[in-house]
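Asker: here's a sequence, model it:
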Amino acid sequence: MLAGNKVIITVAINGGMQQDRDGAIVPKQPAEIGEAAARCHAAGAAMIHVHARDPQGKNSGDRAIYGEIIRQIRARSPILIQTTNGIGVRRDAATGQFIWPTDKERLGLLDLDPPQDLFGIAGGSADFHNPEGGYPEEVPYVNSPALLRQTIQAVYAKGSALEYEIVEASSLHRLARYAGEGLFDRHRDNMWLLHGGGFGATPPIARNVLFNIDEGQRLFPRAIWGVTATGRDMFRIVTLGLSLGCDLVRVGFEDGIHLPDGSVARDNSEMVRAAAQIASLYGLTPATVAEARARFGI
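Answerer: The predicted model follows:
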């Protein structure tokens, strides 16, 4: 737990596929993202997780768009910026089939101008199914060992922190093997695990997430750890993490639009405020940007 009973609230503000729905307004263009990030910071978020969209609102790996997003965010608030490494999928105009970004395209997002603050990558491949996140069909989501290894090396060489998204314990054991091979120090102060429920075939139930949390703490005892989930299960799993003294929770329109009472949030900042209210029940308050920066060691 962070000193002073603090918890880092991060907001995954848009994802790559999500569109406005049921009254929820998903920010897509750089200025919209910058304004939404400022509202989330005012509500208690210390970090934003962001995807780029093209002028038509479709997901994009264009580094120039990412650069403009970062400039727009920083012009309005000091919130820490974490860019995706997933980018998202596109559909072939002729066949309608999904086209996944290449490793080269994804690795290109590690070097942006201006640079982001923090990085993230899934800890392994999975069969991805997230209707709330814009993926109604189950599709393979590949995170190759080469991509994971290169990302680890590049991010730590920059002196930054890398979030490993964990939906299955097998990913933790892969990372432990990499650490044992000398790829990174398993005891580094900013080792960072985000445990998720409801992604792909993994159930958003407490015992599944608890097992991953326990394995993460056993294998990486000094790690920063957080929780998230998809759809209407998001705040159930967030509450579970907060009750256990997690370091970080992730909410936001990338993974769902429903508040704890089942109503639809119109803005991401409403989700941040809801997370802060739940945290207060456990004597926790949102970490500031400076406190989060110190914990991430950046």
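
Asker: tell me where the model's unsure across this structure.
Answerer: 1, 128, 130, 132-135, 200 (pLDDT under 70).

Asker: now the farthest one out in it, which residue is it?
Answerer: residue 94 (31.6 Å; CA atoms, centre = their mean).

Asker: give me the three-state assignment for it.
Answerer: Following DSSP: H, G, I helix; E, B strand; the rest coil, we place residue 94 in the coil state.

Asker: phi, psi of it?
Answerer: Main-chain torsions, residue 94, degrees, to the nearest 10: phi -80, psi -40.

Asker: can you pull out the helices in this structure?
Answerer: 30-43, 63-74, 103-107, 145-157, 169-180, 206-219, 234-243, 268-281, 289-296 (DSSP state H).

Asker: between helix 30-43 and the last one, find me the angle.
Answerer: So that's helix 289-296. Angle, helix 289-296 to helix 30-43, by axes from the mean of the first three to the mean of the last three CA atoms, to 10 degrees: 90 degrees.

Asker: so which elements touch helix 289-296?
Answerer: Using 3 or more CB pairs under 8 Å, 6 or more residues apart in numbering; DSSP states H and E as the contact test, the elements touching helix 289-296 are strand 6-12, strand 80-83. The way it works is simple: take the backbone N, C-alpha and C, and place the C-beta from them, glycine included.

Asker: so which of these is the most packed in?
Answerer: strand 6-12 (a mean of 26; mean count of other CB atoms under 10 Å).

Asker: show me what that strand is packed up against.
Answerer: Checking 3+ CB pairs under 8 Å, 6+ apart, strand 6-12 ends up next to strand 47-50, strand 224-229, strand 248-251, helix 268-281, strand 285-286, helix 289-296.

Asker: including distance to residue 104 and mean neighbour count, could these go into JSON lines?
Answerer: Formatted as JSON lines, the helices and strands packed on strand 6-12 follow (distance: least, CB to CB, whole Å; neighbours: other CB atoms under 10 Å):
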{"stretch": "strand 47-50", "distance to residue 104": "21", "mean neighbour count": "28"}
{"stretch": "strand 224-229", "distance to residue 104": "28", "mean neighbour count": "26"}
{"stretch": "strand 248-251", "distance to residue 104": "27", "mean neighbour count": "29"}
{"stretch": "helix 268-281", "distance to residue 104": "31", "mean neighbour count": "21"}
{"stretch": "strand 285-286", "distance to residue 104": "37", "mean neighbour count": "19"}
{"stretch": "helix 289-296", "distance to residue 104": "27", "mean neighbour count": "19"}
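
Asker: distance to residue 196 for the ones you listed - can I get that in CSV?
Answerer: Below are the helices and strands packed on strand 6-12 laid out as CSV (distance: least, CB to CB, whole Å):
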stretch, distance to residue 196
strand 47-50, 12
strand 224-229, 5
strand 248-251, 8
helix 268-281, 15
strand 285-286, 21
helix 289-296, 19
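
Asker: centre of the chain to stretch 139-158, how far?
Answerer: Centroid separation for stretch 139-158 versus its chain: 15 Å, with CA atoms, centre = their mean, to the nearest Å.

Asker: can you give the contact residues for it?
Answerer: 85-86, 89, 98, 100, 103, 106-107, 110, 115, 119, 121-129, 161-162, 174, 178, 183-184, 188, 200 (CB atoms under 8 Å, 6 or more residues apart in numbering).

Asker: go on, stretch 33-43?
Answerer: Here stretch 33-43 has contacts from 11, 13-14, 27, 48, 50, 69, 72-73, 75-79, 81, 267-270, 272-273, 276, 289, using CB under 8 Å, 6+ apart.

Asker: appreciated, that's everything.
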